[in-house]
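J.: Build the 3D model from these lines:
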Amino acid sequence: VWEANRGSPVKENATLTFGEDGNLVLAEADGRVVWQTNTANKGAVGIKILENGNMVIYDSSGKFVWQSFDSPTDTLLVGQSLKLNGRTKLVSRLSPSVNINGPYSLVMEAKKLVLYYTTNKTPKPIAYYEYEFFTKITQLQSMTFQAVEDSDTTWGLHMEGVDSGSKFNVSTFLSRPKHNATLSFIRLESDGNIRVWSYSTLATSTA
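T.: Numbering: from 1, shown residues only. Model prediction:
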């Protein structure tokens with residue numbers, strides 16, 4: 001559901017180190033740094049993975065100085081967002097087994113969500129699907145994947161947007177699982193489709 005250093009896997013005996021300076025560093029066996037969080041000397045004291053899947057580096061007051069939710073790849077977990085002043089898009093894998101950037105992207109634009117296709121023959125992205133909201137929008141600030149309990153038996157999965165010029169948020173309904181849907185994610189697949197996945201803790205091997 002998240003990865004660092006996509007498309008450039010490290011080799012055998014590589015290391016992942018959380019240093020005394022608060023920086024998380026992925027390095028090859030020879031010490032060459034291939035990825036880091038750039039959190040050195042920012043007061044970071046610890047690292048952990050939260051129940052919602054967000055990996056965070058935090059300071060002594062518990063404030064996040066870095067979080068994986070700020071750099072999605074092809075997936076959004078519940079509570080994770082595309083943001084105007086941050087990562088504004090998802091990029092698919094090339095294929096299920098080839099983990100480099102693929103040709104498809106989901107982009108949050110000023111007033112809509114757009115799916116694009118890009119290849120070497122089409123350097124300018126081609127829009128193949130657009131979702132515009134019924135509500136008049138000035139500027140989307142963020143789009144967040146949310147799970148909301150609708151009733152005793154169902155949950156609603158939505159993409160909720162924050163508009164800078166409106167009193168109300170905008171929302172698009174995605175699915176209504178009949179279980180606690182907090183363990184869900186939305187992914188831009190390698191075939192260009194967006195799919196919503198949800199795990200039920202009540203499922204069994206015979207279900």
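J.: quick one: buried residues of the lowest-mean-pLDDT helix or strand in the chain?
T.: In the chain, the helix or strand scored least confidently by mean pLDDT, DSSP states H and E is strand 170-175, which has a mean of 87. By 16 or more other Cβ atoms under 10 Å, the buried positions in strand 170-175 come out as Val170, Ser171, Leu174, Ser175. For glycine as for every other residue, the C-beta is placed from the backbone atoms N, C-alpha and C.
J.: Stretch 191-198 now?
T.: Gly192, Ile194, Val196, Ser198.
J.: Relative to Thr153, which of these is nearest.
T.: The nearest member of the buried residues of stretch 191-198 to Thr153, counting by Cβ to Cβ, is Ser198 at 14.2 Å.
J.: Next, the closest one: phi, psi?
T.: With angles defined as degrees, to the nearest 10, Ser198 sits at phi -140, psi 140.
J.: domain ranges for this protein?
T.: 1-69, 72-207 (automatic domain parsing).
J.: which strands and helices sit next to the least confident helix or strand of the chain?
T.: strand 155-163, strand 194-198 (3 or more Cβ pairs under 8 Å, 6 or more residues apart in numbering; DSSP states H and E).
J.: Tell me which of those sits nearest to Pro9.
T.: strand 194-198 (23.8 Å).
J.: May I see the buried residues of stretch 142-149?
T.: So, applying 16+ other Cβ under 10 Å, buried residues of stretch 142-149: Ser142, Met143, Thr144, Phe145, Gln146, Ala147.
J.: Same list, those, but as JSON lines with secondary structure please.
T.: Below are the buried residues of stretch 142-149 laid out as JSON lines (DSSP: H, G, I helix; E, B strand; the rest coil):
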{"residue": "Ser142", "secondary structure": "strand"}
{"residue": "Met143", "secondary structure": "strand"}
{"residue": "Thr144", "secondary structure": "strand"}
{"residue": "Phe145", "secondary structure": "strand"}
{"residue": "Gln146", "secondary structure": "strand"}
{"residue": "Ala147", "secondary structure": "strand"}
